[in-house]
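# Predicted model, plus sequence, below.
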Amino acid sequence: MSALLVARGVSMAFAGNQALDAVDLMIDEGEWRGLIGPNGSGKSTMLNVLSGLYRPQGGAVDLDGSSIERRRPRARYGLGVRRTFQHPQLAASLTLSENVATGLRRGHGLTSAELGRRVDRCLELFGCSAFADRLPRHAPYGAQKSAEVARALVGRPKLLLLDEPAAGLSASERRELVEALRECRREDPAMAVCLIEHDIGLVASLCDSLSVLSAGQLIAEGQVQAVLADERVREAYLGTSASQEAGS
Amino acid sequence: MTAIDVGTVSARPGTRAHELRGQRVRNAVQTGRGLFAARLLAMLGLTLVTALVALGSGPALRSSIVVGVILAIAVLGNNVITGVLGEICLSASATMAVSAYAAAYFLGKGMSVELAAVAAVALASIVSLVIAVPTIRLHGIFAALATFALAYSVPTMAVYLKRFTGGDNGIGFPYPTKILGIDVSGSTTGAVVVPAAAFAILGAASLVFLESRYGRVFFLVGESEPAAEAFGLPPSVVKVLVWTWAGFLGSVAGVLYALNLGYVGPANFSSKLGILLLVGGVVAGARSTWGALIGGVLVGTVPPQIQDWVPATATGLVFGIVLLAVLASGRDVSTWVETLVARILLALRRPRHGTQPASPRERLS
């Protein structure tokens, strides 16, 4: 496998607060990488840098060997980068089906019928078919989150950036999401994914590898089990969770 | 998802198609999108009725309806900005002023009416495009204030640019004016037909656009800019296009206004007109093309007409109370009417036997 995304020494600060401090991240074609860390560790900032919403103050980001750190989000869209948002960013005046369709352009060489079929397929895969003709405000939160993922996937991206897709979902909705994402992987094995998620079980069940951020720094990366066993990770992230669980 | 064209499928009560139709009606009422044929017919029908009422009225009412229909074209432009981008535009009167003054100036220089009208609309549209570039960087109250500044400064500027505008006295031109051989001045038949036809054509164009896939992505820009950018759309370009289209509509209204009056002066385009055009659009329905006609009539026709019933000094107060009453109802006029029509239609299609999960009232609540 060749490296699809290479981020080197990415740095980003907001009003003196170092959100990212020389972070490296490399994702191969077809690789599913989990990006985990405590709240405020810089995960979403990293995702915003990768998707182009933020321009890094230092470092470089290459996609398929081309430098993209200065390119705008829509240029990265053209290169096959898609993303979801932590809080669903769906257009309130469009139905879920129409929102998913905005993930495709005529530039994809699809006829209207093909476009419709692909949208329907994505909605079905993520269990939103029943709400396809509803406006986001009339659909359950889980359907809104799933429609966000479906919109990102409908254009068959090279690199998919998922920002907490399971946040706010019930246990059964999480299971359905995992199954749908696995099916997507079977259909498109070349697609690379960077997944931010607090549900470690979900990340472990989907991802091949993990990168762990803490206070804006990369503290560990590698195979899932090896990373989860890492002492620094347990202390920085899992340890916090464990103490919280013990406290509750 | 089963793709069902609600226009062609026989939706018997209790069937999936019937439920889907109800859902689509509800979506359409709440978003101002969908049910294209019904909306187009409503807009064309209302325009025709307005024109017929004007033609059957005396000169005074007819003149005020003509002004109402002309202002409805400017409201249509305002509505695109308010309805699609969610921004407040108070500068429609300024755009009208630019095109009206330009038309008057060109006519005064001996240009034909048709050429002067096209040149004035083109000039004012270009001005709108240029102004849109910095305006789109502003949001909310700041965008509103910037457009208000424009609405306030253009008539003032007209006073100082005496050489082109005639200053306080304004400028006249050969009157009555005929466009394509049709007299559009005062309260003539042409003065009713031409603005009504212009509103129908421009309203239909707006409707076609907003219902298209391009309109769909424009809504995404207005309602979720980060998502729009992440999904390959250039929000700045989309916004400039929306503001320019609104400017074009305002320009058309300005030219028709000037040709109808035969005179252009700073008092015709005060900042108050800009505020009233926004209020008319919002009260009548910022996402409705037929609502734009109601809005234009509210602003252009109602105030002079209520002077017959109340003292001239109190007309502003009465007009304000009418607007407040509509706003206090929590719904704009077009949403109120569309909800009522949808309830009636859904009630008529309820099954007589078997169970129906929800009443039309519940489905539209």
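Nice, I can see it.

# which SS state does A:Leu53 fall under?
What DSSP: H, G, I helix; E, B strand; the rest coil gives for A:Leu53 is coil.

# B:Pro155 versus that one, what's the distance?
To B:Pro155, A:Leu53 is 42 Å away according to CB to CB, to the nearest Å. Yep, even glycine has a C-beta here, placed from its N, CA and C like the rest.

# ditto for B:Thr188
B:Thr188 is 28 Å from B:Pro155, where distance means CB to CB.

# what about these two, which has more around it?
Between B:Thr188 and B:Pro155, counting by other CB atoms under 10 Å in any protein chain shown, B:Pro155 is the more crowded of the two (22 against 19).

# Point me to the helix or strand that includes that one.
Using DSSP states H and E, B:Pro155 falls within helix B:140-160.

# neighbouring contacts of whatever helix or strand comes next after that helix?
Downstream of helix B:140-160, the first helix or strand assigned by DSSP H and E is helix B:162-165. For helix B:162-165, contacts defined as CB atoms under 8 Å, 6 or more residues apart in numbering or on different chains pick out B:Tyr101, B:Tyr105, B:Ala158, B:Val159, B:Ile171, B:Val264, B:Pro266.

# quick one: helix B:162-165 to chain centroid distance?
Counting by CA atoms, centre = their mean, to the nearest Å, helix B:162-165 is centred 30 Å from the centre of its parent chain.

# same thing with stretch B:294-306?
Chain-centre distance of stretch B:294-306: 13 Å, with CA atoms, centre = their mean.

# Can you tell me what sits against that stretch?
Residues contacting stretch B:294-306 (CB under 8 Å, 6+ apart): B:46, B:50, B:60-61, B:64-65, B:67-75, B:79, B:199, B:273, B:276-277, B:279-285, B:315-316, B:318-319, B:322-323, B:333-334.

# Show the contacting residues for residue 160.
Picked chain A for this. A:Arg82, A:Arg83, A:Ala152, A:Leu153, A:Met191, A:Ala192, A:Val193, A:Cys194 are the contacts of A:Leu160 under CB under 8 Å, 6+ apart.

# oops, I was thinking of chain B
B:Gly167.

# what's the spacing between it and chain A?
42 Å (CB to the nearest CB, to the nearest Å).

# Find me the pLDDT at that residue, would you?
pLDDT, B:Tyr160: 91.

# Look up how far A:Pro88 lies from it.
Distance from B:Tyr160 to A:Pro88, counting by CB to CB: 51 Å.

# cool, A:Ala192 as well?
Taking CB to CB, one finds A:Ala192 at 23 Å from A:Pro88.

# and the residue nearest to the spatial centre of chain A, what helix or strand is that in?
Of all residues in chain A, the one closest to the mean position by CA atoms, centre = their mean is A:Leu162, 1.2 Å from it. Here A:Leu162 sits within strand A:159-163, counting by DSSP H and E.

# hmm, back to that, which residue is the nearest non-sequential neighbour of the residue nearest to the centre of chain A?
Excluding the flanking residues, the one nearest A:Leu162 by CB to CB, 6 or more residues apart in numbering or on different chains is A:Leu195, at 4.7 Å.

# who's the one you found bridged to?
Note on A:Leu195: beta-bridge partners A:Gly34, A:Leu162, judged by DSSP bridges.

# what sits against it?
Per CB under 8 Å, 6+ apart, neighbours of A:Leu195: A:Trp32, A:Arg33, A:Gly34, A:Leu35, A:Leu162, A:Pro165, A:Val203, A:Leu206, A:Cys207.

# Out of these, flag the one nearest to chain B.
Within the contacts of A:Leu195, proximity to chain B (CB to the nearest CB) peaks at A:Leu162, which comes in at 12.6 Å.

# before we move on, back to that, just the contacts of A:Leu160: which are in helices?
Among those, the members falling in helices (DSSP state H) are A:Ala152, A:Leu153.

# which of the contacts of A:Leu160 are close to chain B?
Near chain B, taking CB under 8 Å from any CB of the partner chain as the test, the members of the contacts of A:Leu160 found are A:Arg82, A:Arg83.

# which of the contacts of A:Leu160 lies closest to chain B?
Nearest to chain B, judged by CB to the nearest CB, of the contacts of A:Leu160 is A:Arg83 at 5.3 Å.

# With secondary structure added, can I get the contacts of helix B:162-165 in JSON lines?
Output for those, formatted as JSON lines (three-state DSSP):
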{"residue": "B:Tyr101", "secondary structure": "helix"}
{"residue": "B:Tyr105", "secondary structure": "helix"}
{"residue": "B:Ala158", "secondary structure": "helix"}
{"residue": "B:Val159", "secondary structure": "helix"}
{"residue": "B:Ile171", "secondary structure": "strand"}
{"residue": "B:Val264", "secondary structure": "strand"}
{"residue": "B:Pro266", "secondary structure": "helix"}
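
# in chain B, which spans are strands?
Per DSSP state E, chain B carries strands over the ranges B:171-172, B:178-179, B:182-183, B:263-264.

# Give me the contacts around the first one.
Applying CB under 8 Å, 6+ apart, the external contacts of strand B:171-172 come out as B:Tyr101, B:Ala104, B:Tyr105, B:Gly108, B:Thr165, B:Gly262, B:Tyr263, B:Val264, B:Gly265.

# what sits against the last one?
Meaning B:Gly265. B:Gly265 neighbours (CB under 8 Å, 6+ apart): B:Gly166, B:Asp168, B:Asn169, B:Gly170, B:Ile171.

# now for the strands of chain B, which one comes closest to B:Ala292?
Set against B:Ala292 and scored by CB to CB, these come closest in strand B:178-179, at 22.2 Å.

# So what touches the closest one?
By CB under 8 Å, 6+ apart, the surrounding residues in contact with strand B:178-179 are B:Val113, B:Glu114, B:Ala117, B:Val184, B:Gly190, B:Val194, B:Leu259.

# Buried members of the residues you listed into PyMOL, please.
To isolate the buried members of those in PyMOL, using 16 or more other CB atoms under 10 Å in any protein chain shown:
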select buried, chain B and resi 113+117+184+190+194+259
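
# Filter the contacts of strand B:178-179 down to the ones in helices?
Those of the contacts of strand B:178-179 lying in helices (DSSP H): B:Val113, B:Glu114, B:Ala117, B:Gly190, B:Val194, B:Leu259.

# residues in the stretch 201-350 of chain B within reach of chain A, list them.
Going by CB under 8 Å from any CB, the residues of the stretch 201-350 of chain B near chain A are B:213, B:216-217, B:219-220, B:222-224, B:226-234.

# Mind listing what's buried along stretch B:325-336?
Quick answer for stretch B:325-336 (16+ other CB under 10 Å): B:Val326, B:Asp332, B:Val333, B:Ser334, B:Thr335.

# A:Leu123 reaches A:Arg134, doesn't it?
No: between A:Leu123 and A:Arg134 there is no contact under CB atoms under 8 Å: 11.2 Å.

# Of all residues in chain B, which one is nearest the centre?
In chain B, the residue lying closest to the centroid (CA atoms, centre = their mean) is B:Leu76, at 1.8 Å.

# Tell me how many other residues surround the nearest residue to it once chain neighbours are set aside.
Of all residues not flanking B:Leu76 in the chain, B:Ala292 sits nearest, at 4.2 Å (CB to CB, 6+ apart). Applying other CB under 10 Å, we find 35 residues neighbouring B:Ala292.

# quick one: B:Ala292 from chain A, how far?
On the measure of CB to the nearest CB, B:Ala292 and chain A end up 17 Å apart.

# and of the buried residues of stretch B:325-336, the nearest to chain A?
B:Thr335 (13.2 Å).

# So A:Trp61, which state does it fall into?
Small correction: residue A:61 is Val, not Trp. strand.

# For the closest residue to it other than its chain neighbours, pull up the helix or strand it's in.
Leaving out its chain neighbours, the residue that sits closest to A:Val61 by CB to CB, 6+ apart is A:Glu69, at 4.1 Å. If you go by DSSP H and E, A:Glu69 is not part of any helix or strand.

# Much appreciated, bye for now.
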